[in-house]
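Asks: Have a look at this prediction, sequence included:
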Amino acid sequence: QVQLVESGGGLVQAGGSLTLSCVVSGSIFSINTIGWYRQAPDSERELVADISSGGRTNYADSVKGRFTISRDNTKNTVTLRMNSLKAEDTAVYYCYCNVNQFWGRQNDYWGQGTQVTVSS
């Protein structure tokens, strides 16, 4: 079993900051891409940011310059630092990872989601 445990969501005023963290545990050999998606009410889930095993980052245009993603491969964690938050950043944020498992398998896993609410 593979588990993703997210933390750091909450309520913040517009212009404020939050940091989301996600810890991956379980039967994995290594983590390939890991990142964050979000889903607002009545909207599709969208990529916020991800980071490859080599450290290459990818951001949604809407968060470039405001959000920073990083990972710690020794602790199987990913962190999303969110600055200058806007009301439109309000959503449930999901941690995602693609992992290498034993016997050559590769699978995708999701966290349970953490709510981020930005008040204007």
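Replies: Structure's in. What do you need? Numbering: from 1, shown residues only.
Asks: okay, CA-based contacts and neighbour counts for the rest of this
Replies: Will do.
Asks: Give me the below-cutoff pLDDT ranges for the protein.
Replies: Across the chain, no stretch falls below the confidence threshold (pLDDT under 70).
Asks: Give the closest residue to the one residue sitting closest to the centre of it in space, chain neighbours not counted.
Replies: In the chain, the centroid-proximal residue (C-alpha atoms, centre = their mean) is W36; its distance is 2.5 Å. Among residues not flanking W36 along the chain, C95 sits closest, at 4.6 Å (C-alpha to C-alpha, 6 or more residues apart in numbering).
Asks: Distance check, that neighbour against V23.
Replies: Here the criterion is C-alpha to C-alpha, to the nearest Å. By it, C95 lies 9 Å from V23.
Asks: which of the two has more neighbours?
Replies: For C95 versus V23, neighbours defined as other C-alpha atoms under 10 Å are more numerous around C95 (29 against 18).
Asks: Confirm for me that that one is in contact with Q39.
Replies: No. Taking C-alpha atoms under 8 Å as the definition, C95 is not a contact partner of Q39, at 11.5 Å.
Asks: Cool, thanks, talk later.
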